[in-house]
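In: Dropping a prediction and its sequence here:
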Amino acid sequence: MSRRRIIAGNWKMNKTPGEAVALCNELKDLVKNDAVDVVYCVPAIDIVPVVEAVKGTNVHVGAENFYIEDKGAFTGEISAPMLKEAGVEYVIIGHSERRDIFGENDILINQKVKKAFASGLTPIMCCGESLALRKAGTYKEWIARQIKWDLTDVTADQVKTLVIAYEPIWAIGTGETATADQAEEVCKMIREIIADLYDQATADAVRIQYGGSMNAGNAAELLSKPNIDGGLIGGASLKPDFGKIVNA
Ligand code: PEP
């Protein structure tokens with residue numbers, strides 16, 4: 001089963017609108033690759049200028065977050081219809097920073113996954129364990145529980161287009177990467193969970209990324225693994241190195 005590779009940058013809370021356009025221009029030629037889906041997930045205020053800046057290129061635009069209602073009294077939030085009209089195609093849901101810093105739980109994450117699909121946005125749904133769970137040896141159970149909760153009432157046809165990002169929290173922004181074998185072990189397990197919850201065709205179609213200090217030096221080995229279909233990249237997505245990851 002061949003799945004199309006997807007390399008997504010998570011810019012987090014970096015880049016003013018002007019800096020965002022400059023980065024798009026800097027990366028433009030470096031990220032060319034017709035065999036890969038390239039996505040920039042950018043801060044809300046950068047979405048409109050980034051959509052404009054990447055027009056005519058192979059880059060797709062994603063959001064880093066949204067709220068489940070279409071409009072109303074939700075100060076500070078942004079809705080799926082707003083993202084859609086602006087030209088956004090992907091949205092990160094359930095990133096560990098949203099879970100840990102902003103208190104998002106799996107009930108809300110599941111609502112966001114369903115709302116994204118209903119709105120025509122493709123979720124990049126994140127899961128992953130803390131260092132404590134890794135050391136305790138219970139990380140597999142934890143991730144399995146996250147996947148089941150976050151996909152409650154999500155259909156097989158939807159999951160076939162879903163992107164799941166396995167991001168061990170201990171490897172995010174720490175410079176410590178999971179080894180390719182550690183990442184493959186969990187990505188393979190996630191695919192088996194999808195086969196159990198749905199069917200083999202759905203498991204074969206869903207794209208699973210690894211995220212956590214992926215960089216120009218380690219990308220090729222991680223991406224060579226059979227169950228790793230791409231990467232979600234934080235720090236290295238803000239540098240020319242991102243082009244090397246896209247072309248790894
Ligand atoms: C992330 O935040 O999704 C991430 C993987 O960050 P980094 O690449 O900086 O570890």
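Out: Happy to help now that I have it.
In: For residue 213, give me its contacts.
Out: Contact analysis of residue 213 by Cβ atoms under 8 Å, 6 or more residues apart in numbering lists 171, 172, 173, 174, 175, 176, 177, 235. (Each C-beta comes from the backbone N, C-alpha and C, glycine too.)
In: What parts of the chain come near the ligand?
Out: Residues of the chain lying close to the ligand by Cβ under 6 Å from any ligand atom are 10, 167, 172-173, 211-214, 232-236.
In: redo that, cut-off 8 Å
Out: Within the chain, the positions near the ligand by Cβ under 8 Å from any ligand atom are 10, 12, 92, 95-97, 126, 165, 167, 171-175, 211-215, 231-237.
In: pLDDT weak spots in this structure?
Out: 1 (pLDDT under 70).
In: Longest helix in it, by number of residues?
Out: The residue-count maximum for a helix in the chain (DSSP state H) belongs to helix 180-197.
In: Can I get that helix as CSV, trimmed to CA atoms?
Out: Provided in CSV are the C-alpha atoms of helix 180-197 (Å, rounded to 0.1, in the frame of the first residue of the first chain):
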residue,chain,number,x,y,z
ALA,A,180,13.6,5.3,14.1
ASP,A,181,12.8,1.9,15.7
GLN,A,182,11.0,3.5,18.7
ALA,A,183,9.0,5.7,16.3
GLU,A,184,8.2,2.8,14.0
GLU,A,185,7.1,0.6,16.9
VAL,A,186,4.4,3.1,17.9
CYS,A,187,3.3,4.1,14.4
LYS,A,188,2.9,0.4,13.5
MET,A,189,0.8,-0.1,16.7
ILE,A,190,-1.4,2.9,15.8
ARG,A,191,-2.0,1.4,12.4
GLU,A,192,-3.0,-1.9,14.1
ILE,A,193,-5.4,0.0,16.4
ILE,A,194,-7.0,1.6,13.4
ALA,A,195,-7.4,-1.9,11.8
ASP,A,196,-9.0,-3.2,15.0
LEU,A,197,-11.3,-0.2,15.3
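In: What residues of it count as buried?
Out: Using 16 or more other Cβ atoms under 10 Å as the burial criterion, the residues of helix 180-197 that qualify are 180, 182-187, 189-191, 193-194, 197.
In: same check, this time on stretch 226-244
Out: Under the neighbour-count criterion of 16+ other Cβ under 10 Å, stretch 226-244 has 227-239, 241-244 buried.
In: Check the offset of it from the chain's centre.
Out: 11 Å (Cα atoms, centre = their mean, to the nearest Å).
In: In this structure, mark out all the strands, start to finish.
Out: Secondary structure of the chain (DSSP state E): strands at 5-10, 36-42, 59-63, 90-93, 122-127, 163-166, 207-211, 230-233.
In: I'd like those as TSV, with distance to residue 111 appended.
Out: Shown next, in TSV, are the strands of the chain (distance: least, Cβ to Cβ, whole Å):
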stretch	distance to residue 111
strand 5-10	21
strand 36-42	20
strand 59-63	16
strand 90-93	10
strand 122-127	11
strand 163-166	17
strand 207-211	22
strand 230-233	21
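In: Farthest pair within the buried residues of helix 180-197?
Out: Farthest apart among those by Cβ to Cβ are 180 and 197. That separation is 25.8 Å.
In: Skip the chain neighbours and tell me the closest residue to residue 226.
Out: Among residues not flanking residue 226 along the chain, residue 184 sits closest, at 7.3 Å (Cβ to Cβ, 6 or more residues apart in numbering).
In: sorry, back to before: now the contacts of residue 213: which count as buried?
Out: 171, 172, 177, 235.
In: show me the contacts for the last one.
Out: So that's residue 235. 173, 213, 215.
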